[in-house]
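**Student:** 3D, please:
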Amino acid sequence: MNEKLPESTQQTLESFEPGHVFELPTVSELSSFEDMVAVSVNPDATYFEVRNWNTRVPLKELIRPEKIHGTIFNITIEIMDDARQKLFTTKERNKKFIGSLGIPRLCTSEFAEEKTEQLTRGFILTGDVRSSGKGVIGRIESEIWYVPVSTSYKESGNIRSNSGGGVHRYITKPEFLKTQEQKDTDLNPSASSLGQVALRRHQLAKADQKTIK
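**Tutor:** The predicted model follows:
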């Protein structure tokens, strides 16, 4: 039985430097991207770790801000520089985590091993949000880390993860940044209505002209 996580692309994560940006047209490709990351973070995953990883909460369900119901697309994922340092400075940067892992603490045995420090991966994820009838209304942004579970942590029998298996996934609460056009519409809702009325009148006028001809 295969006990290895699938490599989702021909190139592994080690082929890319910090600052490299992956482009994913739709959220459906996030799962394959995470599989590639998991191979890098936990290359010697056991059968049970692979099984648990495959039952994780899909990332596409965790990056959607509250009350935002549009389609998320044009996703970019940038490899984070100094990922480990940024993981432990989220509070100072006014970022909050979602999920069940809580705030990571550098002094715990979970992060003590050299392997954990070397294999921690961090990314900045952004994506456009499109609303039916309005077009692109804004952009989401979230920071995501994948941290291998330390050997001592595994041996204690206390593996907790919101992603499953030997990989801890930390995700900051997704932010939603509105486009300037959407901000203007929010300040003056009637502007959007007037624009629709004007467009409809223009369409009717063109239809009348065709009828007369």
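**Student:** quick one: end-to-end length of stretch 51-58, please.
**Tutor:** Stretch 51-58 has an end-to-end distance of 14 Å (criterion: CA to CA, to the nearest Å).
**Student:** that stretch - what's its average pLDDT?
**Tutor:** Averaged over stretch 51-58, pLDDT sits at 88.
**Student:** also stretch 13-20?
**Tutor:** Stretch 13-20 shows a mean pLDDT of 89.
**Student:** restricting to C-alpha, output it in CSV.
**Tutor:** What follows is stretch 13-20 as a C-alpha-only set of coordinates in CSV (Å, rounded to 0.1, in the frame of the first residue of the first chain):
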residue,chain,number,x,y,z
LEU,A,13,8.5,22.9,-3.6
GLU,A,14,12.2,22.9,-3.1
SER,A,15,12.6,24.0,-6.7
PHE,A,16,11.2,27.4,-5.9
GLU,A,17,12.6,30.4,-4.0
PRO,A,18,10.9,32.8,-1.6
GLY,A,19,9.0,35.4,-3.6
HIS,A,20,7.9,32.9,-6.3
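**Student:** buried sites along it?
**Tutor:** residue 13 (16 or more other CB atoms under 10 Å). No exception for glycine: its C-beta is placed from N, CA and C like everyone else's.
**Student:** the longest strand that the chain contains: partners in the sheet, and parallel or antiparallel?
**Tutor:** In the chain, with assignment by DSSP state E, the single longest strand is strand 135-148. Strand pairing for strand 135-148, using DSSP bridges, gives strand 121-131 (antiparallel), strand 167-172 (antiparallel), strand 175-178 (antiparallel).
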